[in-house]
Each structure stands twice: as C-alpha cells, then as structure tokens.
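Peer 1: sequence and computational prediction follow.
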Amino acid sequence: MRTIDVNEAIDNNPFGSFQWMVVGLCALLLIVDGYDVFVAGTVLPTLIAEWGLSKPEAGALQAWALFGMMFGALFFGPLADRIGRKKGIAISFLLFTVATLLTGFASSPVEFKVFRFLAGLGCGGLMPNAVALMNEYAPKRLRGTMVALMFSGYSVGGMVAASVGIGMIPQYGWKPMFFIAAIPLLMLPFILWRLPESLGFLIRQGRQEQAKEIYAKIAPSSRLGSGDKLVFNETKGASASVIELFRHQRTLRTLMLWVAFFCCLLLVYLLSSWLPTVLQEAGYAEKASLLSLFSLNFGGMAGAIAGGWLGDRFGLPKVVVGFFIAGALSIALIGLNASPALLFLMVFVAGGTTIGTQILLYASVAQLYNLSVRSTGLGWASGVGRIGAIVGPTLGGLLLAQEYPLQQNFLIFSIPAAISALAMLVFAVSNARRVEEPQPVTA
C-alpha cells in the first residue's frame, strides 16, 4: 500500500495532453465570459442614442452587470469549495449565457439592468473557479504561464465582441450582439463531459476511485494498486473562511492585493465601457473607436501571456509592479489625441497592463493561499475588485459629463494604475520578507 501525493506528481510529471485539455476548456469558457463582459462597451454608444441616456445614466447602466459580478464572485467562490469546482463552473456558465441571451429582448433600461445583473452573477462566479482549477492542474514551474494562457481567452472574448460589433451594430443594431450568446449554450454538455473535477476536492470528499482515474491521466506511467491512497498535501488546511485569509502573517499581503484588484478592475471596466464612446466624441470614426476595443483586448491577451512567462522566471510581484507603472504611463498618453497608429499602440499597452495584469493578480492570489481556502481567497479578491469595477464605469460617466479636456480625463484615469503599482510594491517587499524568515520548527 502506498500513499501518493498528487500535488508532487503534478509538479514532477510532464505537462501532458490531459492538462492541455484543461487549459483549452477553461480558455473556451473565458472566451464566452469575456464576450459577455465586453459586449456592453460595444453597444453603449448605440444605447445612449436610442434611449436618450445621459453619461451618468449610461455609466450606471454598465455598472449593474459588474454589481452582479461582485456578488457572484463572493458567493460562487466559497460555494465551489463545498460542492466542487466543476459544478460551480457549470452553474455560473449556464446563468450568464441565458441571462445574456435574454438581454437582447430588453426594451427599456430597467429590463436591461436586470438581465445584466443576472449575467454578472454568472460571470463573477466562473472566473475565480476556472483560475483555481487551472492553478491546481498546472505544475509550479509552469503555473503562472498556464493560468495566464488560459485566462487570455477572456481577452479573446473581448476581441470577438469588438470584431462582431464592427460588422453587426451599424447594420443590425445592438440586440443581435446579445442573441449570439445562445451559441455557447450548445457547448455546455461537452464541457460537463470533458472538464475534470478538482483533484483536491475529490480527495477531501473521499472519492478515491474518481481521483485515481484523473491521476492516471496526469501520470500515465504510474500504476496504482487497489490499496494505494491518493493525498493532496494542502488538503488538511483550515476551513474555507474569510478570516483564514488574514492568518499566517498574510494580513498586509491580502490587503495590498485587494487594493490592487480594486484599482485594476476599475481601470479594466472604465476603459472597456467608455473607450469607444470617448474616442467617437473626440472625432475618431465609429469603426476606429471599436477597433480600439479590439486593440485593448489584444494587448490584454499579449500582456497576460508575456506576464505569466516573465512571472515564472522573475516572480509575479515584480512583473505586476512593472506592468502597473507602464499602465499609468500609457493611459495618460492616450489623451494626447495622437494619430490612430500611436493611439492603438498606447491602447494596446494599456490593455496589456490592465487586462493582462488583472490575470496576473489572479495568479498571485492563487499562489498566496493553500488549496482549502484558495477559491475563497480568489472569490474575495475578485469580489473586492468588482467594487472597483462598479466604480469604473460610474466614475467615467460622471467625469465625462463634466466635459473636461480629453488629456485631463486620461490623466485622471491613470491614477488608479499608479496606486496599484505602489500597493503591489508593498506586497512584493512583504512577500520577500516572509519567504526569507526562518519557519518555526514543529515537533
């Protein structure tokens, strides 16, 4: 009889086809999630014109989905620690795809808000659980890269939304942009069939046979006997409580991550909600303004992949600090009203250092907490970030209603990136000190 630590097995075995399948499925889920989130920014100029909305009203309209995301992250993260990540992901996916489809039937701002809130609940629940699942199946040496690669699907979804909007909105209006959400529903049976459950969850539940089936795919050369037992070295952790996030000298690091999440998501949703509208008002054509949203998400994908690769080699905290500094500079430069080529370059960098860095922040949270509270840590960090996401579009609407010069608006928009850089610098220093401290010896 053997006791086998599956966490060590994942670290010591090659990254195989089974884990690549997990990357692909989670990326596919996040493509749909990203489309749902960024589609609102593509239709906002049309909604303002059709419903006669003021900019503060339009900002509040966008905030309802993000309000739902906050509750979804706070609810579905801890729930998945109890019912399993596969079920948590399936419930979240079904909720936001159906609600997005129904948004296309909205005939008033009130109906639009209700459906977007329900869609937000699902989106907020899917993201932390997909990250936690991918983080579990990736070996430590590749964890940042694989999580970032998977999460780049979120940016691909935004690029799809911008591309579809360029061809569809001028000819068919905004409603078909939401009807497209019916297509991903066809994927749900396939996802439920192929997506594996969390190994740690199966072991905690005593479901050894199911865990062994998955383990055999990760380590095909290993032959398990009937008496062999799988364990996960983080299984016997504390209960999934938010208080646990502040134990073991994690208080400062947890708070700094929350500050960074708040400011980063504020920027992501401020830019994704208002960038096309602001650029149209600054004199850029409708197609160019929607292409800026494509550029923003293309940058997000490139930033996530490059950041994950750099993070595995130099440490995520250092990379995140550098990205936020670059983000503050690029956002400030967008307001120069430069040529389209320079504009798209600055938007690309801004996307890479906001959307891309958001993904790196999720990876940072996943690495900070052990398995038993990882989904709770991701859920709470994401939930706090969603408060910033709600503030972003609302703040954008209020600022734009003041009719400040374009350059002044983007200088203000760059401030959260500077705050995030400072917060992550504090996090990096605290993290380094914690690693260097000698660990207590237990009898």
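Peer 2: That came through, no problem.
Peer 1: strands along this protein, start to end?
Peer 2: When assigned using DSSP state E, the strands of the chain occupy the ranges 3-5, 229-231.
Peer 1: residue ranges with poor pLDDT in this structure?
Peer 2: Across the chain, residues meeting the criterion (pLDDT under 70) sit at 1, 144, 225, 233-240, 283-286, 435-443.
Peer 1: in it, which helix is the longest?
Peer 2: Under DSSP state H, the helix in the chain containing the largest number of residues is helix 17-51.
Peer 1: pull out the buried positions in that helix.
Peer 2: For helix 17-51, the neighbour count (16 or more other Cβ atoms under 10 Å) marks 19, 22-23, 25-48 as buried. Heads up, the C-betas are built off the backbone N, CA and C, glycines and all.
Peer 1: same check on stretch 312-326?
Peer 2: When burial is assessed from 16+ other Cβ under 10 Å, stretch 312-326 yields the following buried residues: 312, 315-326.
Peer 1: and that stretch, C-alpha only, in CSV?
Peer 2: Taking only C-alpha atoms (Å, rounded to 0.1, in the frame of the first residue of the first chain), the coordinates of stretch 312-326 have been written out as CSV:
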residue,chain,number,x,y,z
ASP,A,312,7.5,32.3,-13.7
ARG,A,313,11.1,33.5,-14.2
PHE,A,314,11.4,36.7,-12.2
GLY,A,315,8.4,36.4,-9.8
LEU,A,316,4.9,37.6,-10.3
PRO,A,317,5.0,40.6,-7.8
LYS,A,318,8.0,42.2,-9.6
VAL,A,319,6.3,41.8,-13.0
VAL,A,320,3.0,43.2,-11.8
VAL,A,321,4.7,46.3,-10.4
GLY,A,322,6.4,47.0,-13.7
PHE,A,323,3.2,46.4,-15.6
PHE,A,324,1.2,48.9,-13.5
ILE,A,325,3.9,51.6,-14.0
ALA,A,326,3.7,51.0,-17.7
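Peer 1: who touches it?
Peer 2: Outside stretch 312-326, the residues within contact range by Cβ atoms under 8 Å, 6 or more residues apart in numbering are 141-145, 260, 264, 303, 307, 310-311, 349, 352-353, 356-357, 360-361, 363-364, 367, 417-418, 420-421, 424-425, 427-428, 431-432.
Peer 1: chain center to it, what's the gap?
Peer 2: A distance of 17 Å separates the centroid of the chain from that of stretch 312-326, by Cα atoms, centre = their mean, to the nearest Å.
Peer 1: run through the residues that contact residue 203.
Peer 2: Going by Cβ under 8 Å, 6+ apart, residue 203 touches 6, 211, 230-232, 235.
Peer 1: find the nearest non-adjacent residue to it, please.
Peer 2: residue 232 (5.0 Å; Cβ to Cβ, 6 or more residues apart in numbering).
Peer 1: hmm, residue 5 and the one you found touching each other?
Peer 2: Yes - with the criterion set as Cβ atoms under 8 Å, residue 232 and residue 5 qualify as a contacting pair; they are 7.1 Å apart.
Peer 1: next, count neighbours for residue 336.
Peer 2: Under the neighbour criterion other Cβ atoms under 10 Å, residue 336 is assigned a count of 13.
Peer 1: what residues are up against it?
Peer 2: So residue 336 contacts 342, 407 (Cβ under 8 Å, 6+ apart).
Peer 1: separation between it and residue 14?
Peer 2: For residue 336, the distance to residue 14 equals 48 Å [Cβ to Cβ, to the nearest Å].
Peer 1: do the same with residue 232
Peer 2: From residue 232 across to residue 14, the span is 20 Å (Cβ to Cβ).
Peer 1: of these two, who's got more company?
Peer 2: Residue environment comparison for residue 232 versus residue 14 gives the larger neighbour count to residue 232, 24 against 11, counting by other Cβ under 10 Å.
Peer 1: look up how far residue 57 lies from that one.
Peer 2: According to Cβ to Cβ, residue 232 and residue 57 sit 50 Å apart.
Peer 1: can you tell me how far the residue nearest to residue 203 is from residue 141?
Peer 2: Using Cβ to Cβ, we find residue 232 at a distance of 18 Å from residue 141.
Peer 1: again with residue 178
Peer 2: Residue 178 sits 41 Å away from residue 141 when distances are taken as Cβ to Cβ.
Peer 1: these two: which is more packed in?
Peer 2: The residue with more neighbours, out of residue 178 and residue 141 and counting by other Cβ under 10 Å, is residue 178; that gives 24 against 11.
Peer 1: surely the more buried one and residue 101 touch.
Peer 2: Yes - the pair residue 178 / residue 101 is scored as a contact, 6.4 Å apart, by Cβ under 8 Å.
Peer 1: mind listing the shared neighbours of those two?
Peer 2: The overlap between the contact sets of residue 178 and residue 101 (Cβ under 8 Å, 6+ apart) is empty.
Peer 1: for the contacts of residue 203, give me a markdown table that also has distance to residue 297.
Peer 2: Rendered in a markdown table, the data for the contacts of residue 203 read as follows (distance: Cβ to Cβ, whole Å):
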| residue | distance to residue 297 |
| --- | --- |
| 6 | 35 |
| 211 | 37 |
| 230 | 40 |
| 231 | 41 |
| 232 | 35 |
| 235 | 37 |
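Peer 1: of these, closest to residue 406?
Peer 2: Nearest to residue 406, judged by Cβ to Cβ, of the contacts of residue 203 is residue 232 at 52.7 Å.
Peer 1: contacts only, for that closest one.
Peer 2: For residue 232, the set of contacting residues under the criterion of Cβ under 8 Å, 6+ apart consists of 5-7, 199-200, 203-204, 371.
Peer 1: quick one, which of those are buried?
Peer 2: Listed as buried from these are 6-7, 199-200, 203-204, 371; burial here means 16+ other Cβ under 10 Å.
Peer 1: and those residues, which two are the farthest apart?
Peer 2: In terms of Cβ to Cβ, these reach their longest pairwise distance at 7 and 204, which sit 13.1 Å apart.
Peer 1: can you give me the helices in the stretch 1-150 of the chain?
Peer 2: Under the criterion DSSP state H, counting those that start in this stretch, helices of the stretch 1-150 of the chain are mapped to 6-12, 17-51, 55-83, 85-103, 109-137, 143-172.
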